[in-house]
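**Student:** Turn this into a structure:
(2 chains)
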Amino acid sequence: MSHVLLSVTRRDLLLARRRQVEALLPLGFFVVAAGLFPIGVGPEAHLLRQMAPGVVWVCALLAAMLSVTQMFASDHQDGSLEQMLLSPQPLVGIVLGKVFAHWLSSGLPLVLASPLLGVLFDMHRESIAWLALSLLMGTPILSLLGAVGAALTLGLRSGAALVFLLVLPLTIPALIFGTGAVLAVDGGQSPQAHLSLLGALLIVTGLGAPWATAAALRISMD
Amino acid sequence: MRLDPGSITWLRGTNGSGKTSLMRILAGLSLPAEGDITWAGLPWARAGADARQSVVYIGHANALKDDLTLVEAVAFGASLSGLDDPMGRAGTALDAMGLRSRRDAAVRTLSQGQRRRGALARLRLDEAPRTWILDEPFDALDAASVDSLSRLIEAHAQRGGAVLLTSHQPVSLAGSCEFDLEPFRATP
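**Tutor:** Purely as a prediction, here's the structure:
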């Protein structure tokens, strides 16, 4: 399984490198959307600090959803997905490869850009670090859940909008625990409980979502 | 319908008679509304990875990514099939398909015929006697490529592989038989 996982990841990263505009779109949306809030709300530092975790997390959610709708679409259009389904390799391994590549090309850049937004929101240095850590644990959850939605809506005319409606409600626990960790640090408490729950969520999603995605792909292609 | 080792079956039928649907069912991409498919005596659903490995399906779509080079795209197909040295195999297969000079070209720059030949290069990745299910394989090919593919199909059958194909243009394949779908067409 590791062989096909690496092979799919390598191919999707190669494609992302050659379609840089498309690959950088979620990051651009993330920075621009989150960056608009300080301009709209005004330079009140305390207010910005208070809203920063929520704003950054919501923008990360939306940015991740933007790219996740396309996770299987081009493979479906050009026939590659048929070959993946017919492959003797485990479909779960192929799905994991695609999710991992999606996270590396779309999720990780959001994590790396989050300190910049933290500075924009005048967050404390320690809070910025915990925000980045919560996104590091949370963005893989978004890719995993997004993959299920993308597979379920494959080939549907309004598939992209449906992915938003299907997946965003499922990401609410990640949003709560992710922002909760940073708010706990801001309030002088330990973020450990929130991060533990976020970690548990990541494990559960990691164990379940690839199987659900594989089953959804088979149903969508039938 | 039986697909025996060494057989070449030309699946015939008018537009909409269900040729592609039947091929997708036989390849394992769709489930039949009724009837059973068995592979070596086992129900297809229980036959597992061995059965999937024994089938090569080439549909209407070429399964080549526009932003990859031709050799990268074919090599990805080889790695999906679990073959070792995918780049080496892809290069050799493309050379045999007369695409040596285009192997490092981006798929988006290729003509329709070259893309089709690139997709058909998957048939040359190894010489195992698999079951080839080919949906309109001659589409977009010039006369020389049609002839070359016909010889490739015949050679595969001689090695013990089975071939099921559709084609709107008449094909001359030694030892082939026809299977007409019209008598089985469901009345609306």
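
**Student:** For burial, what's the neighbour tally of residue B:128?
**Tutor:** Look at residue B:128: counted by other Cβ atoms under 10 Å in any protein chain shown, it has 14 neighbours. Placement of C-beta: from N, CA and C, glycine included.

**Student:** quick one, phi/psi of it?
**Tutor:** Main-chain dihedrals, residue B:128, degrees, to the nearest 10: phi -70, psi 140.

**Student:** what's the answer for residue A:155, then?
**Tutor:** phi 80, psi 0.

**Student:** for residue B:111, same thing?
**Tutor:** Per-residue torsions, residue B:111: phi -80, psi 170 (degrees, to the nearest 10).

**Student:** And residue B:57, by the same measure?
**Tutor:** With angles defined as degrees, to the nearest 10, residue B:57 sits at phi -110, psi 130.

**Student:** Residue B:115 now?
**Tutor:** Residue torsions, per degrees, to the nearest 10, at residue B:115 are phi -60, psi -40.

**Student:** Just the buried residues of stretch B:17-33, please?
**Tutor:** B:17-20, B:22-30 (16 or more other Cβ atoms under 10 Å in any protein chain shown).

**Student:** I'd like to know which of the residues you listed are part of helices.
**Tutor:** Among the buried residues of stretch B:17-33, DSSP state H puts B:19, B:20, B:22, B:23, B:24, B:25, B:26, B:27 in helices.

**Student:** Export those to TSV and append columns for pLDDT.
**Tutor:** Output for those, formatted as TSV (pLDDT from 0 to 100):
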residue	pLDDT
B:19	90
B:20	91
B:22	90
B:23	92
B:24	92
B:25	90
B:26	89
B:27	88
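
**Student:** Show residues contacting the longest helix anywhere in chain B.
**Tutor:** With secondary structure taken from DSSP H, chain B has its longest helix at helix B:143-158. Here helix B:143-158 makes contact (Cβ atoms under 8 Å, 6 or more residues apart in numbering or on different chains) with B:6-8, B:97-98, B:113, B:116-117, B:120, B:123-124, B:129, B:132, B:134, B:137-138, B:141, B:163, B:165, B:169, B:171-175.

**Student:** tell me the contacts of residue 106?
**Tutor:** In the absence of a named chain, this looks at chain A. By Cβ under 8 Å, 6+ apart, the residues touching residue A:106 are A:23, A:26, A:27, A:63, A:64, A:67, A:68, A:143.

**Student:** The chain in question should be chain B.
**Tutor:** Going by Cβ under 8 Å, 6+ apart, residue B:106 touches B:66, B:67, B:68, B:69, B:70.

**Student:** how about a cut-off of 7 Å?
**Tutor:** For residue B:106, the contact set (Cβ atoms under 7 Å, 6 or more residues apart in numbering or on different chains) comprises B:66, B:67, B:69.

**Student:** Distance check, the second one against residue A:18.
**Tutor:** Residue B:67 sits at a distance of 4 Å from residue A:18 (criterion: Cβ to Cβ, to the nearest Å).

**Student:** Then residue B:95?
**Tutor:** Residue B:95 is 24 Å from residue A:18, by Cβ to Cβ.

**Student:** in the lowest-mean-pLDDT helix or strand in chain B, what's buried?
**Tutor:** Within chain B, no helix or strand scores below helix B:44-53, which has a mean of 76 by mean pLDDT, DSSP states H and E. For helix B:44-53, the neighbour count (16+ other Cβ under 10 Å) marks B:44, B:47, B:51, B:52, B:53 as buried.

**Student:** Can you show me the helices along the chain?
**Tutor:** No chain was given, so I picked chain A. Using DSSP H, helices in chain A cover A:2-18, A:20-41, A:45-68, A:73-78, A:80-86, A:91-102, A:108-120, A:125-152, A:159-167, A:172-186, A:192-221.

**Student:** oops, I was thinking of chain B
**Tutor:** Here chain B has its helices, by DSSP H, at B:19-27, B:44-53, B:70-80, B:86-96, B:112-120, B:143-158.

**Student:** what angle separates the longest one from helix B:112-120?
**Tutor:** I take that to be helix B:143-158. Orientation check (axes from the mean of the first three to the mean of the last three Cα atoms, to 10 degrees): helix B:143-158 against helix B:112-120 gives 10 degrees.

**Student:** got the contact list for residue B:62?
**Tutor:** By Cβ under 7 Å, 6+ apart, the contact list for residue B:62 reads A:78, A:79, B:115, B:116, B:118, B:119.
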